[in-house]
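Asker: This is a predicted model, with the sequence first.
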Amino acid sequence: MENDELKQLWSGTGVEALSLTKDELKSILGSKIQKSMNRFILITLVVALTAAGVLVFLLITGVERKSDPLYVINNLILGILTITSLISSLVSWYRLGKADYSFSMSKMIRRKRDMISRSLYSPYRKVKVLVIPLLFVLTVMAINVYYSGMTYAEVLNSEESLAALMAGVIVGLPVSFYVERKLYKQQLSYLNELKDLYRQLVSVDKA
Amino acid sequence: MKTENKKEFLDILEKYQGILHKVNLIYFHNDADREDNFQEMVYQLWNSFLSLKNKESIGSWIYKVAINTSITKLKKDSRFVYNENFPDTVEEDIETGMERSEKSKLLLNAISELNETDKAVMLLYLDGKSYEEISEITGISKSNVGVKINRAKKTLKEKLKFLSDGK
């Protein structure tokens, strides 16, 4: 079989039959843009409303209990952690969605590989495991102290609260660790696939 | 301004859509995945269209975005079945509007068995791109392109040997 024969066979794949009209292409583009916009709006709205709701609750309860410094500090830390977590998740989501595919294949793979590597081996990654149980404990305290009518120190010293907090930490830490490991493994497997792909592309020996 | 850009983009897309269909053919083996990927490629092209500086090499840009989008989707999409074969029956071909000869279908099957990067290189080669253009689109050296093409051609010819033997 000659090289020309391969090209001849290739020209017979019949892609012309799949040609779409300009109106059909316009409709495909329009519906995809709409879908992406809706997703973007929905996720941004959910994050913004959650952040606003948490902030309003923390602000109102904090002002009402301004004579209890521990409670105010609890709410302050909770507010900062919640907002930081939500914003950082939103930013990573936007970044992932804004991938530029107009580079050469090798550059695109390298960029993706480096981006995932950075996120995977970031020193802050391990800190994230502690954030979920910490958020849980602070939220439980913010709600419990406010509705119990007691001070932060009183609630903290009561046996019931201590038991609930211990249970929260005991359940929360493994759950958080499990979620984090799962995400880590997923990203690691994606990273390895990208590394293989890059090796496949640049190496002539492994083709 | 945006309407003008959109019109220009759709003109380009209409003219070059064959590239997207070919990329879809070699990377995805069922209609649902192809339809999904076609939408994604169009969307990614539109996203990078406004920042496209060199409008003289539209073809290369379309190949890059189409191949990169498809490979990204392949790597992310766990539901994708890599070893699925192309439709074998004439009825399926009629349903998808395809008028492929049996031999071309066999070539597509053979290409689908190459690895992801060789598929891209062979697509560009079979579409008549020069080594220089292939090197620019894939980002690998011209000599590497040559080695990959020769190796992939050998594999394809081996797989399609029976076609020549049966003549």
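Answerer: Everything's here; your move.

Asker: so where's chain A uncertain?
Answerer: With pLDDT under 70 as the threshold, chain A has low-confidence stretches at A:1-3, A:204-207.

Asker: That one: helices as residue ranges?
Answerer: A:3-11, A:22-64, A:69-97, A:105-120, A:125-148, A:152-157, A:159-202 (DSSP state H).

Asker: Contact partners for the most centrally placed residue in chain A?
Answerer: In chain A, the C-alpha nearest the mean C-alpha coordinate belongs to residue A:89, at 4.3 Å (Cα atoms, centre = their mean). With contact set as Cβ atoms under 8 Å, 6 or more residues apart in numbering or on different chains, residue A:89 has these partners: residue A:47. Every residue, glycine included, has its C-beta placed from N, CA and C.

Asker: Check the spacing between it and residue A:70 real quick.
Answerer: Relative to residue A:70, residue A:89 is positioned 28 Å away (criterion: Cβ to Cβ, to the nearest Å).

Asker: Got the domain ranges for chain B?
Answerer: Per the record's domain assignment (automatic domain parsing), chain B is made up of the domains B:1-84, B:90-167.

Asker: The longest helix seen in chain B - what's its average pLDDT?
Answerer: Ranked by residue count under DSSP H, the longest helix found in chain B is helix B:2-27. Here the mean pLDDT over helix B:2-27 is 91, rounded to a whole number.

Asker: Which of the residues in the next helix or strand after that helix are classified as buried?
Answerer: Moving toward the C-terminus from helix B:2-27, the next helix or strand (DSSP states H and E) is helix B:31-49. Neighbour-count burial for helix B:31-49, with 16 or more other Cβ atoms under 10 Å in any protein chain shown as criterion, is recorded at B:33-34, B:37-38, B:40-49.

Asker: overlap between the residues you listed and the residues near chain A?
Answerer: Applying Cβ under 8 Å from any Cβ of the partner chain to those, one finds that B:38, B:40, B:42-44, B:46-48 fall near chain A.

Asker: Residue A:131 is in contact with residue A:78, correct?
Answerer: No: in terms of Cβ atoms under 8 Å, residue A:78 does not count as a neighbour of residue A:131; the distance is 11.2 Å.

Asker: more crowded one of those two?
Answerer: residue A:78 (22 against 16; other Cβ atoms under 10 Å in any protein chain shown).

Asker: Please name the nearest non-neighbouring residue to the more buried one.
Answerer: residue A:138 (4.2 Å; Cβ to Cβ, 6 or more residues apart in numbering or on different chains).

Asker: That neighbour: neighbour count?
Answerer: Using other Cβ under 10 Å, residue A:138 is surrounded by 20 other residues.

Asker: From what I see, it and residue A:76 are in contact.
Answerer: No: judged on Cβ under 8 Å, residue A:138 makes no contact with residue A:76 at a distance of 9.9 Å.

Asker: what's the spacing between the residue nearest to residue A:78 and residue A:165?
Answerer: Note on residue A:138: its distance to residue A:165, by Cβ to Cβ, is 10 Å.

Asker: With residue B:108 instead?
Answerer: Distance of residue B:108 to residue A:165, computed by Cβ to Cβ: 62 Å.

Asker: same check, this time on residue A:144
Answerer: Residue A:144 sits 9 Å away from residue A:165, taking Cβ to Cβ as the criterion.

Asker: what do you get for residue A:31?
Answerer: 50 Å.

Asker: Ok, residue A:63 next?
Answerer: Plainly put, residue A:63 is 25 Å away from residue A:165 if you go by Cβ to Cβ.

Asker: Same question for residue B:62.
Answerer: For residue B:62, the distance to residue A:165 (Cβ to Cβ) stands at 58 Å.

Asker: neighbour-wise, which of those two wins?
Answerer: Neighbours were tallied for residue B:62 and for residue A:165 using other Cβ under 10 Å; the higher tally belongs to residue B:62 (23 against 18).

Asker: correct me, but that one touches residue B:22?
Answerer: No: under the criterion of Cβ under 8 Å, residue B:62 makes no contact with residue B:22, lying 10.6 Å away.

Asker: any idea which helix or strand comes after the helix or strand of chain B with the lowest mean pLDDT?
Answerer: Sorting the helices and strands of chain B by mean pLDDT, DSSP states H and E puts helix B:90-95 at the bottom, at a mean of 42. On the C-terminal side of helix B:90-95, the closest following helix or strand by DSSP H and E is helix B:102-112.
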